[in-house]
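Novice: fold the following.
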Amino acid sequence: MSRAVVCLVATLNLAAAASAVAQSPPPSRPARDTPAAAAGGTAVVRGRVVDAATGRGLSRVQVRANTNTSGPPPVPYPWAATTDGDGRYEIKGIPAGTYTIAATKQNYVRDAYGAERVEGPGKRMTLTDGQVLEKIDFRLTRAGVITGKVVDEFGDPVSDVQVMPMRYQYVQGSRRLMPAGRQGQTNDIGEYRVYGLSPGQYYVSATLRNFNMGGPEPDPDRSGYAPTFFPGSVNVAEAQRLTISPGQTASSINLTLLPIQTARVSGIALDAQGRPLAGAFVNAMLQTLGFAGPSGRPSQTAPDGTFTIRGLPPGDYTLRANVMGSQDSAMAAVRVDGSDVTGVQIVAAPPSTIRGRVAFTESATSAAPPRPTAFDIGAVRDWALGQQVRSPAKIKDDGTFEITLQPGRVLIRGAMGPQGNAGAAGASPWRLNRVIVGDIDVGDTGIDVPVNGAIDNVIVEMTNRSNEVSGRVTDAEGKIVRDCFVVVFAQDPAHWTVQTRFLSVARPGLDDLFHARLLAGDYYAIAMSDVESGAWTDPEFLSLAREHATRFSIADGEKKTIDLALSAAPVY
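Specialist: Alright, predicted model coming up:
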């Protein structure tokens, strides 16, 4: 039996891409602000980093003073230091401001000074010019490890099996099982070791694919193995969940691969005119559990456009034909249930187009709006295999723009670009107000782009009107709380979407106040000491959060003060 490896998921880049879609990117800091922010600092932070188990000083630990200002940090990052052989560090030249101090080292759990939980955000500290902050010390704990063995249905060890730790994360507005941390691979006696794991709960999967690299036709080896969860199931609902603590080694996590019979998918690939696509590469990507990965042996189309992909286990797939030097999209969905699938037709379609112009609301200040080309406009979509998540617009000096993209439902999003006219704090006062198609605001409902078609006369309306809610957060004893997250979200569940315009996540600043800039509308506000990143994109989370939230409304040009009581994050 020939055996070859393919990962259950393409790469961790897919998880990164999904995560990137979960929130619109923040406006970038203007280039002219970077040197000023990086220069002139006189504050100093010193301390020592040791191994929590032995007390020994740890060398080559990176310690960073992380600022909370918006926009990307300077490159190279100026407020960082690396520990010496005794674990000591000193960060010099830090500008006055508010910072968290964090320490990271490979194969150790990241730690932030004053964090209330493992890998928490840490305590924010205010530094003044010339201040020297001593004894900011860290005790780092080694990261977790999972070890075990993979065997076949006869109990024999299997080599070259890809072992993947997985955990639930917020992606695209829901909790999905995603790859997390390093992968492992079994050696010649079937043993694997996955290391460097952050604390948390994991599922372990093992994948061995039979690509049928050899084998005579017409009777190739059809045997293979299904992606298998520990201790031995294809269904995650029947899998055993592992809790990994800091420094823990979970051993004897052994898996038995489940044998299956693989299938073939065959068909023809055609161009937009119905002609055969000769020489195109056709890949089958398995879609499951919120992520995807390549499966089977890729096929190159024959001169008549026909193709055959072998070695596919049961599952739902997306077939994609890659056409060199063309923007045409050629995809098809296929379900494999163990039997061969024939007669699949993949037809390429030219890209579609969205055309429109950038407009501005009446300015709340006397300042003239920036030039349209200073904005970053684009169409974004839910992550889908083989499709570009974000398609940028080409904007002309007269404010008109054009977006070339694949068909499907998209949202138009806009923000000030990196060369735009930013405000004094480094964040642009301009934000997306409305997206108008045919006198209807489709900012949160989206636009359905037809195949090989065009959507014209789209108006992307930007505004710098300052609608802001601010206030203090207090705990049960009435004390002011700074280390917390304030989530402000729309009362209307129709706006509980991943890319919604009606959401703000803020933290109190030096003045003990949180500040949230909002579009006019009706909102809930809730303050929580800690919340998992991205939770606010999940409608179920927001549905529970509103039970303890404060309701309010805000109008154009209004500034409102609302004080909040600290709440616990919803558990579900």
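Novice: where does the stretch 351-500 of the chain have low pLDDT?
Specialist: Scanning the stretch 351-500 of the chain for pLDDT under 70 picks out the ranges 363-367, 383-387, 418-428.
Novice: just the strands in it please.
Specialist: If DSSP state E, counting those that start in this stretch is used as the criterion, the strands of the stretch 351-500 of the chain fall at 352-360, 375-380, 390-392, 394-395, 400-405, 408-416, 431-437, 440-441, 447-449, 454-463, 468-471, 473-474, 485-490.
Novice: note down every partner strand of the second one and its orientation.
Specialist: Using DSSP bridges, the strands paired with strand 375-380 are strand 390-392 (antiparallel), strand 408-416 (antiparallel).
Novice: re the thing from before, out of the strands of the stretch 351-500 of the chain, nearest to Ala250?
Specialist: Closest to Ala250 of the strands of the stretch 351-500 of the chain, according to Cβ to Cβ: strand 485-490, at 31.2 Å. Backbone N, C-alpha and C define where each C-beta goes, glycine included.
Novice: got the CA positions of that closest one in CSV?
Specialist: Extracted as CSV, the C-alpha positions of strand 485-490 are listed here (Å, rounded to 0.1, in the frame of the first residue of the first chain):
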residue,chain,number,x,y,z
PHE,A,485,-12.8,45.9,27.8
VAL,A,486,-15.9,48.0,26.9
VAL,A,487,-17.9,46.5,24.0
VAL,A,488,-20.5,48.8,22.4
PHE,A,489,-22.8,47.1,19.9
ALA,A,490,-26.1,47.7,18.1
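Novice: can you point out the buried residues in stretch 346-366?
Specialist: By neighbour count on 16 or more other Cβ atoms under 10 Å, the buried set for stretch 346-366 is 346-352, 354, 356-360.
Novice: now render the strands of the stretch 351-500 of the chain as CSV, adding distance to Pro95.
Specialist: Shown next, in CSV, are these (distance: least, Cβ to Cβ, whole Å):
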stretch, distance to Pro95
strand 352-360, 34
strand 375-380, 27
strand 390-392, 33
strand 394-395, 34
strand 400-405, 38
strand 408-416, 23
strand 431-437, 27
strand 440-441, 41
strand 447-449, 43
strand 454-463, 31
strand 468-471, 24
strand 473-474, 26
strand 485-490, 25
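Novice: out of these, the one nearest Tyr202 is which?
Specialist: Between the strands of the stretch 351-500 of the chain, strand 485-490 lies closest to Tyr202; by Cβ to Cβ that is 25.2 Å.
Novice: what residues does the closest one touch?
Specialist: Outside strand 485-490, the residues that touch it by Cβ atoms under 8 Å, 6 or more residues apart in numbering are 469, 473, 495-496, 500, 502-508, 514, 516, 518, 521-531, 536, 542, 545-546, 564.
Novice: and the following helix or strand past that strand, what other elements does it pack with?
Specialist: Sequence-wise, the next helix or strand downstream of strand 485-490 (DSSP states H and E) is strand 503-506. If contacts are counted by 3 or more Cβ pairs under 8 Å, 6 or more residues apart in numbering; DSSP states H and E, strand 503-506 sits against strand 485-490, strand 514-517.
Novice: could you say which of these is packed most deeply?
Specialist: Of all the helices and strands packed on strand 503-506, strand 485-490 has the most neighbours on average by mean count of other Cβ atoms under 10 Å, namely a mean of 23.
Novice: okay, now the sheet partners of it, with direction.
Specialist: Here, using DSSP bridges, strand 485-490 pairs with strand 503-506 (antiparallel), strand 521-528 (antiparallel).
Novice: low-confidence regions, the protein specifically.
Specialist: Using pLDDT under 70, the chain drops low at 1-40, 68-76, 172-174, 209-221, 288-297, 324-329, 363-367, 383-387, 418-428, 572.
Novice: that one: helices as residue ranges?
Specialist: Counting by DSSP state H, the chain has helices at residues 12-21, 33-38, 539-545.
Novice: what about Gly408, neighbour count?
Specialist: 18 (other Cβ atoms under 10 Å).
Novice: that one against Pro450, yeah?
Specialist: No - between Gly408 and Pro450 there is no contact under Cβ atoms under 8 Å: 9.4 Å.
Novice: the stretch 1-150 of the chain: strands as residue ranges?
Specialist: 43-51, 62-67, 80-82, 88-94, 97-104, 111-112, 125-127, 132-133, 138-140, 144-151.
Novice: to Asp160, which of those lies closest?
Specialist: strand 144-151 (9.7 Å).
Novice: can you give me how far the closest one is from the chain middle?
Specialist: 27 Å (Cα atoms, centre = their mean, to the nearest Å).
Novice: ok, residues contacting it?
Specialist: With Cβ under 8 Å, 6+ apart, strand 144-151 has contacts from 157-158, 161, 163, 165, 184, 186, 189-195, 197-199, 202, 204, 206, 208, 230, 242, 244-257.
Novice: weed out the non-buried ones from the residues you listed.
Specialist: Buried by 16+ other Cβ under 10 Å: 158, 161, 163, 165, 184, 186, 190, 192-195, 197-199, 202, 204, 206, 208, 230, 242, 244, 246-248, 250, 253-257, out of the contacts of strand 144-151.
Novice: among the residues you listed, which are in strands?
Specialist: 163, 165, 184, 192-195, 197, 202, 204, 206, 242, 244, 250, 255-256 (DSSP state E).
Novice: and Ala415, what are its bridge partners?
Specialist: Asp376, Arg431.
Novice: could you shift the numbering so residue one becomes 362, and keep it that way?
Specialist: Will do, 362 is the new start, and the previous item becomes Ala776.
Novice: what's the spacing between it and Ala896?
Specialist: According to Cβ to Cβ, to the nearest Å, Ala776 stands 23 Å off from Ala896.
Novice: and if you look at Pro560?
Specialist: On the measure of Cβ to Cβ, Pro560 and Ala896 end up 18 Å apart.
Novice: please apply the same query to Thr444.
Specialist: Using Cβ to Cβ, Thr444 is found at 34 Å from Ala896.
Novice: for Pro607, same thing?
Specialist: Pro607 sits 23 Å away from Ala896, going by Cβ to Cβ.
Novice: next one: Leu647
Specialist: 28 Å.
Novice: those two - which one has more neighbours?
Specialist: Leu647 (27 against 20).
Novice: ok, Val493 touching Arg407?
Specialist: Yes - with contact defined as Cβ under 8 Å, Val493 reaches Arg407; the gap is 7.2 Å.
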